[in-house]
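# next one to model:
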Amino acid sequence: MERRTLGSTNLLVSPLGFGTSPLGSMPETYGHEVDEQRALQTLHAMFESPVNLIDSSRNYGEGRSEQRVGKALATGTAPSDLVLSTKLDRSSDTGRFDAARARESFEESLEALGRDRVDILHLHDPEHAADLDEIVRPGGAMDELFRLRDEGLATSVGLAMGQLELMTQLVNRYDFDVILNHNRYTLLNRSAASLFDTAAQRGIAVFNAAPYAGGVLAKGTGAVQRITYQDADEETLRPIRTLESLCGRHNIPLGALALQHSIRDPRITSTIIGVSRPERVEQSIEWAATAIPDEVWDELATLPYSTEDPEAGRDWVPG
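Purely as a prediction, here's the structure:
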């Protein structure tokens, strides 16, 4: 698998990356639990794949994701060019996200991961913090993020979040190396397109996460009737059934179309997907390499899509 340069840094990442939030076991979000044994087996399968980018967070599964990544790193053989990404997170109890909390979050991450530094460090989900001013004021969490890079504890720094209006404001204000947005650039939704344009113009790398809209674009409507972690009725599922029909006529997996729609976008450095079983790792590699005829892309270009926030009505649960 090729490697792409991360913005203006010297990091090289695969165009496909694996997110580890499902491996922290977050049933409120994904609808199923993942025990430690299966999580470790999945992580070891990631290490054996041609993908070199693995992303986690302090708050995924109340710390379980990072703990399991750390255990897998201690018991398995990671690729020599592994790029490890994690995030600074607010206090899960109070929402506090000042500089002291940012530093504390990072120290918790290093302990869980068994590392003394990371390759990519994002500030995570500022829209859910108790007080945005704690983050952006002089000497706040954002300044602490860049200070950690200056101290050599992170090779690159970024911003990982969902809400687009605030994210665009922050991208225009700070010189991030990379940004990560989720669920807002898929076959169903292109609301992040303007943000990606802005990042590309500024030389900021883009990670597009959750191209499967919470799983339905990977597993299909026969298995999943939820979109972006929310129950979906028949009318909401209709665009997916149209996509399933398109893929059926050309004998290609819907998941391959959803994944490659993101991978082939020149603005996107890497596409981050969550997997929770070892066999899903191999399947993802196959989908990334599936031959898709030009006429499929031509027909896809004629289909409608949403530019509204896909999580505007979501009953959001921390995790």
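# burial of Ala193, as a residue count?
16 (other CB atoms under 10 Å). No exception for glycine: its C-beta is placed from N, CA and C like everyone else's.
# how near is the nearest residue to it once chain neighbours are set aside to Phe106?
The shortest distance from Ala193 to any non-neighbouring residue, by CB to CB, 6 or more residues apart in numbering, is to Tyr185 (6.8 Å). Separation of Tyr185 from Phe106 (CB to CB, to the nearest Å) stands at 28 Å.
# neighbour count for these two, which is higher?
Tyr185 (26 against 23).
# A helix includes that one, no?
No: counting by DSSP: H, G, I helix; E, B strand; the rest coil, Tyr185 is not part of a helix but coil.
# which ones are touching it?
Ser191, Ala192, Ala193, Phe196, Asn208, Pro211, Ser262, Asp265, Ile268 (CB atoms under 8 Å, 6 or more residues apart in numbering).
# from these, list just the buried residues.
Ser191, Ala192, Ala193, Phe196, Asn208, Pro211, Ser262, Asp265, Ile268 (16 or more other CB atoms under 10 Å).
# from those, which land in strands?
Asn208 (DSSP state E).
# redo the buried ones among the contacts of Tyr185 as JSON lines? Include pLDDT and distance to Leu254.
Formatted as JSON lines, the buried ones among the contacts of Tyr185 follow (pLDDT from 0 to 100; distance: CB to CB, whole Å):
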{"residue": "Ser191", "pLDDT": "98", "distance to Leu254": "21"}
{"residue": "Ala192", "pLDDT": "98", "distance to Leu254": "21"}
{"residue": "Ala193", "pLDDT": "98", "distance to Leu254": "21"}
{"residue": "Phe196", "pLDDT": "98", "distance to Leu254": "23"}
{"residue": "Asn208", "pLDDT": "98", "distance to Leu254": "17"}
{"residue": "Pro211", "pLDDT": "98", "distance to Leu254": "11"}
{"residue": "Ser262", "pLDDT": "98", "distance to Leu254": "14"}
{"residue": "Asp265", "pLDDT": "98", "distance to Leu254": "18"}
{"residue": "Ile268", "pLDDT": "98", "distance to Leu254": "19"}
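# now the buried ones among the contacts of Tyr185 in JSON lines, with distance to Asp233?
Below are those laid out as JSON lines (distance: CB to CB, whole Å):
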{"residue": "Ser191", "distance to Asp233": "21"}
{"residue": "Ala192", "distance to Asp233": "25"}
{"residue": "Ala193", "distance to Asp233": "26"}
{"residue": "Phe196", "distance to Asp233": "30"}
{"residue": "Asn208", "distance to Asp233": "27"}
{"residue": "Pro211", "distance to Asp233": "23"}
{"residue": "Ser262", "distance to Asp233": "26"}
{"residue": "Asp265", "distance to Asp233": "30"}
{"residue": "Ile268", "distance to Asp233": "30"}
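# so Thr271 bridges to which residues?
Leu16, Asn208 (DSSP bridges).
# from Ala112, how far out is it?
Thr271 is 25 Å from Ala112, by CB to CB.
# and the two? Which one has more around it.
Between Thr271 and Ala112, counted using other CB under 10 Å, Thr271 has the larger neighbour count: 28 against 20.
# sec struct for Arg238, please.
helix.
# can you report how many residues lie near it?
12.
# what of Pro126?
23.
# next one: the residue nearest to it when sequence neighbours are not counted relative to Ala39, how far apart?
Distances taken as CB to CB, 6+ apart put Ile135 closest to Pro126, at 5.0 Å, once the chain neighbours are dropped. As judged by CB to CB, Ile135 and Ala39 stand 31 Å apart.
# which other residues reach stretch 85-101?
Applying CB under 8 Å, 6+ apart, the set of residues contacting stretch 85-101 is 17, 53-59, 62, 66, 102, 105-106, 109, 113, 118-126, 128-131, 134-135, 139-141, 143-145, 160, 318.
# which residues in the stretch 151-300 of the chain form strands?
154-161, 178-182, 205-209, 226-227, 230-231, 270-274 (DSSP state E, counting those that start in this stretch).
# before we move on, back to that, wait, a strand at the residue nearest to Pro126?
No: applying three-state DSSP, one finds Ile135 to be helix, outside a strand.
# Lys71 against Gln41, yeah?
No: contact criterion CB atoms under 8 Å: Lys71 and Gln41 do not qualify, at 11.7 Å.
# emit the PyMOL select command for whichever of the contacts of stretch 85-101 are buried.
In PyMOL, a selection of the buried entries from the contacts of stretch 85-101 looks like this (16+ other CB under 10 Å):
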select buried, resi 17+53+54+55+56+57+58+59+66+102+105+106+109+113+118+119+120+121+122+123+124+125+126+128+129+134+135+140+141+143+144+145+160
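# among the contacts of stretch 85-101, name the ones in helices.
Glu66, Ala102, Ser105, Phe106, Ser109, Leu113, Glu134, Ile135, Ala141, Asp143, Glu144, Leu145 (DSSP state H).
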